[in-house]
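1. Need coordinates for the below:
(chains A and B)
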There are 2 protein chains.
Amino acid sequence: MGSSVDIADVTASVTSVLAVPDDKPAFQPLDPEDVRAYLHKAVDFVSDYYANVESMPVLPDVKPGYLQGELMSSPPTYSTPFDVTMKELGASVVPGMTHWASPNFFAFFPATNSAAAIAGDLIASALNTVGFTWQAAPAATEMEVLALDWLAQLLRLPATFMNRTSTGSRGTGGGIILGTTSEAMLVTLVAARDAALRRSGSIGVSGLPRLAVYAADQTHSTFFKACRLAGFDPANIRSIPTTAENHYELDPAKLFESMQADVDAGLVPTYVCATVGTTSSNAVDPVGVVAEVAALFGAWVHVDAAYAGSACICPEFRHHLNGVERVDSISVSPHKWLLTCLDCTCLYVRDARRLSDSMETNPEYLKNDATDSGEVTDLKDMQVGVGRRFRGLKLWMVMRTYGTAKLQEHIRSDIAMAKMFEGLVRADHRFEIVVPRNFAMVCFRIKASGAMTEEHADEANRVLMKNLNKTGKAYIAHTVVGHRIVLRFAVGSSLQEERHVRSAWELIKSTTNKMMME
Amino acid sequence: MGSSVDIADVTASVTSVLAVPDDKPAFQPLDPEDVRAYLHKAVDFVSDYYANVESMPVLPDVKPGYLQGELMSSPPTYSTPFDVTMKELGASVVPGMTHWASPNFFAFFPATNSAAAIAGDLIASALNTVGFTWQAAPAATEMEVLALDWLAQLLRLPATFMNRTSTGSRGTGGGIILGTTSEAMLVTLVAARDAALRRSGSIGVSGLPRLAVYAADQTHSTFFKACRLAGFDPANIRSIPTTAENHYELDPAKLFESMQADVDAGLVPTYVCATVGTTSSNAVDPVGVVAEVAALFGAWVHVDAAYAGSACICPEFRHHLNGVERVDSISVSPHKWLLTCLDCTCLYVRDARRLSDSMETNPEYLKNDATDSGEVTDLKDMQVGVGRRFRGLKLWMVMRTYGTAKLQEHIRSDIAMAKMFEGLVRADHRFEIVVPRNFAMVCFRIKASGAMTEEHADEANRVLMKNLNKTGKAYIAHTVVGHRIVLRFAVGSSLQEERHVRSAWELIKSTTNKMMME
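-> Sure thing, here's the model as predicted:
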């Protein structure tokens, strides 16, 4: 049967050796030498994967339910050599992956990553600490707080957002690492909601139908969902229209009008979400002016800088956060653009008490001296859940290992590649750049000209994207901006080099050529 | 300077080699050979840690803010050899850990783990796929669905909870892996809330102040918090009293009374949470009867089986889930007791549409043919956020590698050790077992007798716990049951063997002896 392994044979032979004497501990799931052997195999798998992912189709050609047909439909009764598990992983799972790690991935926003981050995440999985309270995980809690304060310094956030003051004592601000931006929105929405209910003298949640929230229509859909999760009335969730003239940014004058109209109608403006780097087109809402308008109404202001926040570690892009000293909270996701694998969303709040006022729990089984002292942060009081991974470790390991200069180089290199791509598009008269490029994402489209109407162009762009993605040699996504189909070219996947961007552009041109000849 | 490395020297020498020619890609955060080198080092760190963790103090002796004093207070400008990062990790982070992986850890519930799970999580961190839609991650989505269906089979859940029918087509039920039980509660609470609002003809959320939710007073505090997050009125969140006579289980008669009284008062019973294995004392609410009562009022029933659900993979414990075929949803956390590192909470719902009705979003940039076909599950529509880790992989790798028989052996071995501990406690007249032991956790206390009142006994138990934990040789937690301080001895940390349980008991006895002589 050659060198390949027949799974049935292996299973049979394993089954036959399963009988072990009763006096021996039969099953040691964390036996240090098993851990060493399994993990070294996993590491080689990962390293080989990175060496080869470039040649794999970025978007796989598999049908819904395909995996059901390849793997066992029920869990096996007996144990299997780890090599068999790894073999099935390579044979059945990898070919069905959309390869976010591929250098030919240009869709959505890149999920950037690094050797240091993966090492940190691996160690976190192994330590497997559950950091709900400081006492349950002092080092994990302190590391999270430290990593957040380091990042706050990289971003030059005001000291009021930091966990520790420069003298080392506990500050009034604070941060927490959450899984997603949506969670950051949800916990701040709940805190703002409860504060507004208290302020307006609501009995219980009776005042909830009067609270209103605001964001530009370009804000991520997850914001509008988070508002519904928190119980805001769908009728009071305002999506402020943006315009091409205004580069799809939130217009403070329209925001004011909307908030004032609500007050006039007896509603209570409660929360405004501003975005730095929208998903559709990387628009940047004017944070400072938005905060000034919101302050007139006593509303909470949150800044969603999930993607573009990371760019603000470079002095030349920091101006996008101007005015952040006036907002109540800001979230940035290093799992998007700061080389830290999922999941890692950093939420900063100016007054940590405003979160814990809504989210603190104090059951008997979690009471302890450290909490009673008031000297520590119990991170469970700033999030939805109780349990939590040791996420601070990977973020710290990224900053500690690479240092600020390399992280800035990484951002600048991505932006330079995007700029180059933008230049290539501009030089081809068949295409247009749809909105000004702010960061490492280019919004472009085949443009309407001659007999080709805007509707025809929409269809041509759809077909171009479909044909391009079908090649497996590049993967891009689309959006709609100003009622037009727009192609999003997001640079920055961590294995990406200039040559990949150039190849993708050649592929876009040749695919377009073919379409136009048909 | 011997074999140790001076960090300042290393930093200086690194700085001097930082200048690289402009034409060379200077920074490759995912260079496959760097990945290989960093991760092999991390693996050896982890494996050595497991070999040595037994001798480390379980609970560290560190002060709030200690880490700030040991590590740099700002991120470094220049990069550092990875060995330096690892050295700081070993020198400053590890000594401040509460070692959940220690075999001397008996607090809370164990965070069980295994070589296969860590390997799966490592590979997930490296693939770094973001599985919001099926198209964005076909293999990750299908693997999650498959792993959930495998676990459903191990738990003998009704087929209505499964993602795929036996013929391979898409079922009406469904599951998703979330980070915590709290998230599972939150998303089901929101779905139940919205359904109740629609049913009761509420305009927007105007009917919200009339909705009521129910759980026993032993239910985890995070349930009551999740209700508040979802906007339920604090005045309508019912905590049904339990009694020692009833082993602290939810009393269906009292539940009925409470729900009926609310209906009589014009409220709308919306959601009941039953627990299989409460945190305080491992009580098991009678799932089937609770579901029957809730059905009379049309309320959603969720079962929180975070810890004890895993035991139900053994036929002899499966009866604790009797009646689950009548509930709307159930969550089980393999990160607690099924050897799968954080985070991994499996939520099953009987009708997946009831989640997506509340949580679906469909922004233009995520639209795709697979979603339009209706043939696939887009997991973002069953959770709070959009992004998500590839959590299904580690769960599948655990089941695939170890097989059902070994997983059952793991559960039985923990329960046997707990039973042994229970026997040791019972044989010592100074102690009492406070509630019947259902799983691998023993609730015991120094008992009041002679001149020692119950209040004195409470204090004695507090001091025993404090003195015991101070030794660093064991870590146990407490709770309050029936107004009395009770010590919780939770068996099952994955490196634990019988000898650790025996040593802990010897330590409890000797610590008690010392106290009583003082």
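2. quick one, what contacts A:Arg238?
-> Going by Cβ atoms under 8 Å, 6 or more residues apart in numbering or on different chains, A:Arg238 touches A:212-215, A:258, A:262. Where you see a C-beta, it was placed from the backbone N, CA and C, and this is true even at glycine.
3. Can I take it that it is in a strand?
-> Yes. Counting by DSSP: H, G, I helix; E, B strand; the rest coil, A:Arg238 is part of a strand.
4. Regarding A:Cys346, what is its secondary structure?
-> A:Cys346 is classified as strand under three-state DSSP.
5. Tell me the spacing between it and chain B.
-> 13 Å (Cβ to the nearest Cβ, to the nearest Å).
6. still on that earlier bit, among the contacts of A:Arg238, pick out the one closest to chain B, please.
-> Distances from chain B to the contacts of A:Arg238, taken as Cβ to the nearest Cβ, are shortest for A:Ala212 (11.7 Å).
7. check contacts around the nearest residue to that closest one once chain neighbours are set aside.
-> Computed as Cβ to Cβ, 6 or more residues apart in numbering or on different chains, the closest residue to A:Ala212 that is not its neighbour in sequence is A:Asn236, at 4.1 Å. A:Asn236 sits next to A:209-213, A:262, A:267, B:204 when contact means Cβ under 8 Å, 6+ apart.
8. So which of the contacts of A:Arg238 sit within helices?
-> Using DSSP state H, the subset of these located in helices is A:258, A:262.
9. Just put the contacts of A:Arg238 in JSON lines and tack on neighbour count and pLDDT.
-> What follows is the contacts of A:Arg238, written out as JSON lines (neighbours: other Cβ atoms under 10 Å in any protein chain shown; pLDDT from 0 to 100):
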{"residue": "A:Ala212", "neighbour count": "27", "pLDDT": "98"}
{"residue": "A:Val213", "neighbour count": "28", "pLDDT": "98"}
{"residue": "A:Tyr214", "neighbour count": "29", "pLDDT": "98"}
{"residue": "A:Ala215", "neighbour count": "26", "pLDDT": "98"}
{"residue": "A:Ser258", "neighbour count": "20", "pLDDT": "98"}
{"residue": "A:Asp262", "neighbour count": "21", "pLDDT": "98"}
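10. May I ask which two of the contacts of A:Arg238 are separated the most?
-> Across these, the longest distance by Cβ to Cβ is 13.8 Å; it joins A:Ala215 and A:Asp262.
11. Which single residue in the stretch 201-350 of chain A comes nearest to chain B?
-> For the stretch 201-350 of chain A, Cβ to the nearest Cβ, closest residue to chain B: A:Gly231, 2.3 Å.
12. phi, psi of that residue?
-> phi 90, psi 10 (degrees, to the nearest 10).
13. can you check the one 10 residues further on too?
-> Dihedral angles of A:Pro241 (phi, psi; degrees, to the nearest 10) stand at phi -60, psi 140.
14. so who does it touch?
-> Contacts of A:Pro241 by Cβ under 8 Å, 6+ apart are A:217, A:254.
15. Need the three-state assignment for whichever residue of the stretch 351-500 of chain A sits closest to chain B.
-> Nearest residue of the stretch 351-500 of chain A to chain B (Cβ to the nearest Cβ) works out as A:Gly385 at 3.2 Å. What three-state DSSP gives for A:Gly385 is coil.
16. That one - how many residues pack around it?
-> A:Gly385: 24 surrounding residues under other Cβ atoms under 10 Å in any protein chain shown.
17. again, but for the one 10 residues further on
-> If you count neighbours by other Cβ under 10 Å, A:Leu395 ends up with 28.
18. Look up how far A:Ser493 lies from it.
-> To A:Ser493, A:Leu395 is 20 Å away according to Cβ to Cβ, to the nearest Å.
19. What of A:Ser114?
-> Taken as Cβ to Cβ, the span from A:Ser114 to A:Ser493 is 12 Å.
20. now swap in A:Asp378 and tell me
-> For A:Asp378 relative to A:Ser493 (Cβ to Cβ), the value is 37 Å.
21. The two: which has the busier surroundings?
-> A:Ser493 (27 against 21).
22. re earlier: my guess is the residue of the stretch 201-350 of chain A closest to chain B contacts A:Gly207. True?
-> No. Look at A:Gly231 against A:Gly207 with Cβ atoms under 8 Å: they stay out of range, at 11.4 Å.
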